[in-house]
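*Asks:* For reference, the sequence and a predicted model appear below.
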Amino acid sequence: MRRAGGALGEGVLAAGVAAVVAGVGLVAFGTVQWPAFNSSNVTRALTTVGQVVALAVLVAAIVLVRMDKWPWVAKALSWVGISGFVTVTLGMPLAATKLYLFGISVDQEFRTQYLTRLTDSAALHDMNYVDLPPFYPGGWFWVGGRFANLTGMAGWEAFKPFAIIGLAVTAAIAVVLWSKLIRGDWAVAVAAATTAVTLAYGSPEAYSAPLVLLFAPALVLAWGALYRPAEPAAATAGGWGAVLGTGLFLGLGAMLYTLYFGVAVFAVCLMALVAAGLALRERGKAVRAQRHREKSMAVPGRWRVVWPILLRLIVAGMIAGLLALTVWFPFLLKLLGGTIPKSGTAFHYLPEGGSQLPLPMFDFSLPGVFCLLGTVWLVLRAGSSRRAQALGIGVVAIYLWCLLSMTATAAGTTLLSFRLEPMLYALLAAAGAFGFVEGARAIYQVLNEPARMPLAAGVVALIGAIAFSQQIPHVLANEITTAYTDTDGNGERADKRPASAVTHYRAVDAALLEQTGRPRDQSVVLTADTSFLAIYPYYGFQALTSHYANPLADFAARSAEIKRWSTLKSPQQLIEALRQSPWRAPDAFLFRSSGDDYTLRLSEDVYPNDPNVKRYTVTFPKSLFADGHFRVTDIGPFALVVMRP
């Protein structure tokens, strides 16, 4: 436990250093008027320069560790290098835009809306529906909201800096965690490898990427907690520090991303099963050995062998459960109060990637070769390395989850296995780093230890790191481009081209505030332009799609009610229908105007089709609002209809 306390203190220090590095870097990037990434190669070139500098700092840290000189300088350099690498890899390509990867489009719209909601209020609340607790864990978004409050930014504007700083901080913490599990120089190299692949394949989901960065070391920690072969009693504290760390990681997963939490729990439970099997096998060997001894010794029973493993698993689960309640409690309380979910299609998505097993080790690419090296190392060292055992069980758990997800399609759902690819990449990258250093050492010994072999291996590793790192912006090209082509909350496009209808949102907001006379968070707006709700914290009557809608909101019934309203014949019928709505009725409608009608573009779940969302138009005759109870204001392409008190 003393080591756990030391690691915690070092982690806090590393997080502070990383936050400063990332914050200063982003501010520095923002002081220059850069050209857009999608129309110039300037920021791409500067990204490469920054990556090389960051990798050089990491190399310096590794050299100092190997020389056993200035340990705290080496640690500081590793934290600065890894956080600088994250900052320049994401921050420089996005330097000329206020938006994060994928802008405010599709999934990122829902995430931005959540951050805007929790920026407006620290109370946990559904991002869209009034009077409902959140269904999706709010941990990342709650902290992001406090960051936005601290910096004076709107939620949508805080998304980018908070995401990048959060990833930089987590990467530095990963270095600390690895350094407590393996030798220091290896820790820096392995953390750098997992960070690079996470940025390439996991960074668009900024709230889940921290779990990807920590997944590999957390599995090694969990294996140390659960599988403890016979050792002198005085040589260990019983692995309870590792149990605490495992529980904290699982709890963090529950607070950030339910899917990854489920996968992590599945992997840890699989570890416990394997550990119990190995313990029972050792007991069986002891029992057989007793038969050949003249003087027998007591052999513990099966339950006594398995119980310590189960106890550690239970304790880790209790720690995780307590942390999970900090974000899950409001929703669970609503369920216990008798509210039954009437809808929920979060698992109704099966893209092509979810219909087959991900096998990155057979991609003809640099990361593919690295993953193949990791796979070979996992197999070769499965019987002798606890690191390989832990990472290998994690890889097996992911593939089992993928198979279960594909099997679940027969029951009309999935387990969203396609979203696990970043986790798989991170595990195989960690294994690849171990495979490289151990393979280089084996070659070094086979060649009778030539003097320049370590230098040659280091140069190859550095060149490979640079080669992959400079390709990360290319991997993220679509996500980066969208951040420049989307119109931000200020009504501007970062590529300086004509903005979309979003440019009228500010006028819509001003009209709503003036006509309702209420704060934003006290009004419910029915609109199909839900990016308006991602920028301003009004509540929505209906969500963008059912897949991100709260199951307690009854998405399908709300859509049916909206369609029913559109078929009414008079304003009086509409007013009466709104008064009798089973949910709080809209205080305002934000339509698109089309001739003699107002239109809304709604969506419905069409799983198992791919795409899984069908868009359709609901048309309201303008005559339905020709009454003194409604105030109609035309703003650009929009028609704002506000209910008069």
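*Replies:* Thanks, I have it.
*Asks:* Quick check: which ranges of this protein have low pLDDT?
*Replies:* In the predicted model of the chain, residues 1-2, 4, 230-238, 287, 290-297, 342-344 satisfy pLDDT under 70.
*Asks:* Three-state assignment for the residue nearest to residue 175 when sequence neighbours are not counted, please.
*Replies:* If the residues on either side of it in the chain are set aside, residue 175 comes closest to residue 191, at 4.4 Å by C-beta to C-beta, 6 or more residues apart in numbering. Glycine gets a C-beta too; all of them are placed from N, C-alpha and C. At residue 191 the chain is in helix, as set by DSSP: H, G, I helix; E, B strand; the rest coil.
*Asks:* what number of residues lie near residue 191?
*Replies:* 28 (other C-beta atoms under 10 Å).
*Asks:* quick one: it and residue 174 touch, right?
*Replies:* Yes - with contact defined as C-beta atoms under 8 Å, residue 191 counts as touching residue 174 (4.9 Å).
*Asks:* Contact partners for the most centrally placed residue in the chain?
*Replies:* Centroid-nearest residue in the chain, with C-alpha atoms, centre = their mean: residue 208, separated by 1.1 Å. Contact analysis of residue 208 by C-beta atoms under 8 Å, 6 or more residues apart in numbering lists 202, 256-257, 259-260, 419, 422.
*Asks:* can you check residue 562 too?
*Replies:* Contact analysis of residue 562 by C-beta under 8 Å, 6+ apart lists 526, 541-542, 600, 602, 618.
*Asks:* Residue 250 is in what secondary structure piece?
*Replies:* Assigned by DSSP states H and E, residue 250 falls within helix 240-256.
*Asks:* In PDB, list the C-alpha atoms belonging to that helix.
*Replies:* Taking Å, rounded to 0.1, in the frame of the first residue of the first chain, the C-alpha atoms of helix 240-256 are listed here in PDB:
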ATOM      1  CA  TRP A 240      -4.000  -5.300  -2.000                       C
ATOM      2  CA  GLY A 241      -2.400  -2.200  -3.600                       C
ATOM      3  CA  ALA A 242      -3.000  -3.900  -7.000                       C
ATOM      4  CA  VAL A 243      -6.600  -4.700  -5.900                       C
ATOM      5  CA  LEU A 244      -7.100  -1.000  -5.100                       C
ATOM      6  CA  GLY A 245      -5.700   0.000  -8.400                       C
ATOM      7  CA  THR A 246      -7.900  -2.500 -10.300                       C
ATOM      8  CA  GLY A 247     -11.000  -1.200  -8.500                       C
ATOM      9  CA  LEU A 248     -10.100   2.400  -9.200                       C
ATOM     10  CA  PHE A 249      -9.600   1.600 -12.900                       C
ATOM     11  CA  LEU A 250     -12.900  -0.300 -13.200                       C
ATOM     12  CA  GLY A 251     -14.600   2.600 -11.300                       C
ATOM     13  CA  LEU A 252     -13.100   5.100 -13.700                       C
ATOM     14  CA  GLY A 253     -14.500   3.000 -16.600                       C
ATOM     15  CA  ALA A 254     -17.900   3.100 -15.100                       C
ATOM     16  CA  MET A 255     -17.700   6.900 -14.700                       C
ATOM     17  CA  LEU A 256     -16.600   7.400 -18.300                       C
END
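*Asks:* who does it touch, helix- and strand-wise?
*Replies:* Contacts defined by 3 or more C-beta pairs under 8 Å, 6 or more residues apart in numbering; DSSP states H and E place helix 240-256 against helix 2-30, helix 139-151, helix 209-226, helix 258-290, helix 302-336.
*Asks:* Using neighbour counts, pick out the buried residues of the fourth one.
*Replies:* Translated: helix 258-290. 258-261, 263-268, 270-272, 274-276, 278-279, 283 (16 or more other C-beta atoms under 10 Å).
*Asks:* Likewise for the third one?
*Replies:* Going by neighbour count (16+ other C-beta under 10 Å), the buried part of helix 209-226 is 209-226.
*Asks:* cool, and the first one?
*Replies:* Burial within helix 2-30, assessed by neighbour count using 16+ other C-beta under 10 Å, is assigned to 4, 7, 10-11, 13-15, 17-19, 21-23, 25-26, 29.
*Asks:* Could you chop this protein up by domain?
*Replies:* Per the record, the chain has its domains at 2-290+299-339+358-481, 501-643, by automatic domain parsing.
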